[in-house]
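>>> Okay, here's the prediction I keep looking at, along with the sequence it came from:
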Amino acid sequence: MYNKNRQRVFMLMILPTFIGFFILYIVPTAMSFFYSLTNWSVYNADLQFVGLDNFRMLFEDSKTLAGIKNTIIYALITLVVQNAIAIILAVFLDKKSKSANFVKSLVFLPAVLSILVVGFLFQYIMTSADYGLLNNIIQFFGGDPVNWLGDKDIALYSVIATQVWQWSGWLMVIYIANLKSIDSALYEAADIDGASKMKKFFKITLPLLYPAASFNILLSLINGMKVFDVILAMTQGGPGYATETIMTTLIREGFNSGRNAYASALGVVFFIAVFILSRIVITFLNKWERKLS
Amino acid sequence: MKKKTIAFLLSMIMLVGTLIGCSNESGSEGEGSGSEDEVVKLRMMAYNPESTRTTYLQMLDEKLPNIEIEFEFVALDNFNNVLNAQLQAGEGPDIIEVGGEAKLLAKANYLLDLSDKDFTSKYVDAGLKPYSVDGGIYATPLQSWFEGIFYNKTIFEENGVEVPKTWDELIAISKKLAENGVKPQTMGAQSWEPMMKQSIGLVNNEFYADEANSDFDNKFNEGEAKLAEAWLPAVKEWSKIIDEEILTDDMLGLSYDQALDQFATGKAAMWESGPWAVPTILEKNPDIEIGMFPIPGTEEGPGWLIGGPGSALAINANSDYIDEAIQVLELTATEEAQLALVEDNAGSSFLEGVEVDLGEIYTDSEEAFKAGNVYAPWTAVWTSGNPIVQSYGKSLQEVLAGTKTVKEALQDADETNDNLRQTLN
């Protein structure tokens, strides 16, 4: 039935997509690996090999390292917090009542907005100007105003907070879809055995959320690593370099400064960082999967 | 398991922000052989918005019926990204508004040499200098840009303070205003630009005013001179404004628009910016009375503004419509065009014999203009000015936050200069 001819037809069918993929992704990626070893710049006519110079400069540059560090902090915190909130919301809102449906759509709503819109909106909410909404609320209750986006120790977490707010609802929907597929017989059996609510959550619900969790965790990680637009809208990487990420650094060095080779090297480092982090997460997810079976 | 790994690897590859994939979709548009009856579409890419060029563009439209200008505004933040990506792909706009990067673009052969054209010689040398490389001239200047400190005349009167003549006076009146419960100065320090510019205003007064330092910028380009040594005394003087808590770290959470808003609504007495902000200020508060004074130095004098030729028009050497683009530049080199430019964005003209009346907002700056005290080293002479002042300005944000010293900020700028010289040579 599944003979070789048939296989060939299938291969032909994916060919158009594969060609596009090859030209638009694989070739440029390979080229940026190549360029990272040269002195390529838009302002520089002759191309020369410089070995690993770009990588050396990259790891000596505290600004670039700050970008890498911020990106990892951003990705890990959004991953953990978003998923934790999404699971809790999903478990509490997985009911068939009008009020639950209302809250569900309310929580999901921010995901409909563009990241840039949310970014600019929160820039006004969190500003240190007199009309800053958040600070006005705090002052109304007798607190001191906080410089949400201008304080180097807080700015990154302010940005993270907006993204958790925006995307938790999205992840929640995926978790709810997963919850529906869990066999209710399991809960009935647990009830007969007299299991507590907590026990049911940790022994039945959480382990069986594996399919949704593996998808959501990888999605959060990848979105976190490539964060760019919200930073641009809210802080432009500032104050100083406090909210620079790999992507903002890459754009700044590669295009604004014309150090294209340097930016290519950063792209390569980014590739490796994403690869290692995802490997770690996948290993963890595989262990989880094995436990289930 | 293995298939999974491969699928995963491929999906990771998709994620890598590939630099090369960003070529641009739009090249030189317009069809036809360019015969005289047909209308040629010219793309003009600029980092000053269309509102600052309305009168000028209208004039081009009337005077050159065979040319249709497609004005493309790209904010300065992204201008180099977009332009460089297009140029690298062998495309790009026909006419380019260039600033600090003109020399680099010219060296890389992206710009047309205009030195043999008649209209080029109509401009004074000071206007052409920033766009001259190895005997060639690659752009012709638009009106000058400048930036000083705006002040609210009503607030100044009510509190009995005068326009400051020295930096110490500026600090003194700021303190007085603060005592009276008025916020002396607002600043959109979330952007790295305003502190960078204001501090260079003091460097203009204390360092560039001295003839002996006229060679500094060229030496800086060659890596033989350092900001951390030459500029340090002046920038330290400027940083008194931070020590005295006139600029405060909460301003790091203010954007340009929010600072403009505070100044326009009378919540702050002073704000550092340039003529392009005036229409918006008046739109928000038509009754406001404002003036602009130059940045004062330690000793009494006319003061200095930050500014210079700033931007200019260049022609893409690979354009399909070079003749038409030259027509546009030719027309720009007339008094009528220059006055049309100044109409929407105040500045002086570099065309010989053109006098511009700036209006009463700038009365306090007149002396500085007469003395020729307008300078911005990074656009005038530095080879890769923008990235250097960006790293300087970002480090000044850290100075305002209290985590860096002024000297470290200047060293950061020196380091960026060294890196770029290394990369671009």
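Received the coordinates, thanks.
>>> need the contact list for B:Ile246.
Applying C-beta atoms under 8 Å, 6 or more residues apart in numbering or on different chains, one finds that B:Ile246 lies in contact with B:171, B:174-175, B:178, B:184-185. Placement of C-beta: from N, CA and C, glycine included.
>>> Tell me the residues of the stretch 151-300 of chain B that contact chain A?
B:189-192, B:249-255, B:258, B:261-262, B:267 (C-beta under 8 Å from any C-beta of the partner chain).
>>> residues from the stretch 51-200 of chain A in reach of chain B?
Counting by C-beta under 8 Å from any C-beta, the stretch 51-200 of chain A sits next to chain B at A:57, A:61, A:63, A:123-124, A:126-130, A:132, A:145, A:147-152.
>>> okay, now A:Leu186: neighbour count?
Neighbour count for A:Leu186, taken as other C-beta atoms under 10 Å in any protein chain shown: 14.
>>> Can you read off the pLDDT for residue 14?
Looking at chain A here, since you left the chain open. Here the pLDDT value assigned to A:Ile14 is 91.
>>> you looked at the wrong chain, it should be chain B
46.
>>> can you check the one 5 residues further on too?
With respect to pLDDT, B:Leu19 has a value of 37.
>>> Could you pull up the residues touching B:Gly353?
B:Gly353 touches B:Glu335, counting by C-beta under 8 Å, 6+ apart.
>>> Need the three-state assignment for it.
When classified by DSSP: H, G, I helix; E, B strand; the rest coil, B:Gly353 comes out as coil.
>>> for the stretch 1-150 of chain A, what are the low-confidence residue spans?
Within the stretch 1-150 of chain A, the segments meeting pLDDT under 70 span A:1-2, A:45.
>>> What segments of it are helices?
Per DSSP state H, counting those that start in this stretch, the stretch 1-150 of chain A carries helices over the ranges A:4-21, A:27-35, A:53-60, A:62-93, A:98-108, A:115-125, A:133-140.
>>> cool, and the stretch 251-400 of chain B?
Under DSSP H, counting those that start in this stretch, the stretch 251-400 of chain B gives helices at B:256-264, B:278-284, B:322-332, B:335-344, B:366-370, B:377-380, B:385-401.
>>> Distance check, the residue in the stretch 1-150 of chain A that chain B sits nearest to against B:Leu254.
For the stretch 1-150 of chain A, the residue closest to chain B is A:Gly150, as judged by C-beta to the nearest C-beta, at 3.0 Å. Going from A:Gly150 to B:Leu254 by C-beta to C-beta, to the nearest Å gives 7 Å.
>>> Name the residues contacting each of the two.
Common neighbours of A:Gly150 and B:Leu254, using C-beta under 8 Å, 6+ apart, are A:128, B:189-190.
>>> quick revisit: buried subset of the residues of the stretch 51-200 of chain A next to chain B?
Taking 16 or more other C-beta atoms under 10 Å in any protein chain shown as the criterion, what is buried in those is A:57, A:61, A:63, A:123, A:126-129, A:132, A:147-152.
>>> mind listing what A:Val269 touches?
Counted by C-beta under 8 Å, 6+ apart, A:Val269 has contacts A:55, A:58, A:68, A:246.
>>> Name the member of these that has the highest neighbour count.
Busiest of the contacts of A:Val269 [other C-beta under 10 Å] is A:Ile246, holding 27 neighbours.
>>> Quick check: chain neighbours aside, which residue is closest to that one?
Leaving aside its chain neighbours, A:Ile246 sits nearest to A:Thr71 (4.6 Å; criterion: C-beta to C-beta, 6 or more residues apart in numbering or on different chains).
>>> burial of that neighbour, as a residue count?
Count around A:Thr71 with other C-beta under 10 Å applied: 25.
>>> How about the contacts made by it?
A:224-225, A:227, A:245-247, A:273.
>>> Same check on A:Trp165?
A:Pro110.
>>> Please identify the helix or strand for it.
Take DSSP states H and E as the rule and A:Trp165 turns out to sit in helix A:155-180.
>>> Going by neighbour count, which residues of that helix are buried?
For helix A:155-180, by 16+ other C-beta under 10 Å, it's A:155-156, A:158-176, A:178-179.
>>> Could you give the separation of that helix from the chain centroid?
Its chain's C-alpha centre lies 10 Å from the corresponding centre of helix A:155-180 when counted by C-alpha atoms, centre = their mean, to the nearest Å.
>>> and the contacts of A:Val269 as JSON lines, adding distance to B:Asp243?
JSON lines is the format used below for the contacts of A:Val269 (distance: C-beta to C-beta, whole Å):
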{"residue": "A:Phe55", "distance to B:Asp243": "40"}
{"residue": "A:Leu58", "distance to B:Asp243": "35"}
{"residue": "A:Ile68", "distance to B:Asp243": "33"}
{"residue": "A:Ile246", "distance to B:Asp243": "35"}
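>>> So of those, which two are at opposite extremes in space?
Pairwise distances across those (C-beta to C-beta) peak at 14.3 Å, for the pair A:Phe55 and A:Ile246.
>>> before we move on, the earlier item: just the buried residues of the contacts of A:Thr71.
The neighbour-count criterion (16+ other C-beta under 10 Å) marks A:224-225, A:227, A:245-247, A:273 among the contacts of A:Thr71 as buried.
>>> Can I get those in TSV including pLDDT?
Putting these into TSV (pLDDT from 0 to 100) gives the following:
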residue	pLDDT
A:Gly224	92
A:Met225	91
A:Val227	91
A:Thr245	93
A:Ile246	92
A:Met247	91
A:Ala273	86
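>>> Looking at those residues, spot the one nearest chain B.
A:Met247 (6.2 Å).
>>> The closest one: helix or strand, and which one exactly?
In the assignment (DSSP H and E), A:Met247 maps to helix A:246-251.
>>> Identify the residue spatially nearest to B:Asn218, adjacent ones excluded.
Nearest to B:Asn218 is B:Val381, by C-beta to C-beta, 6+ apart, at 6.6 Å.
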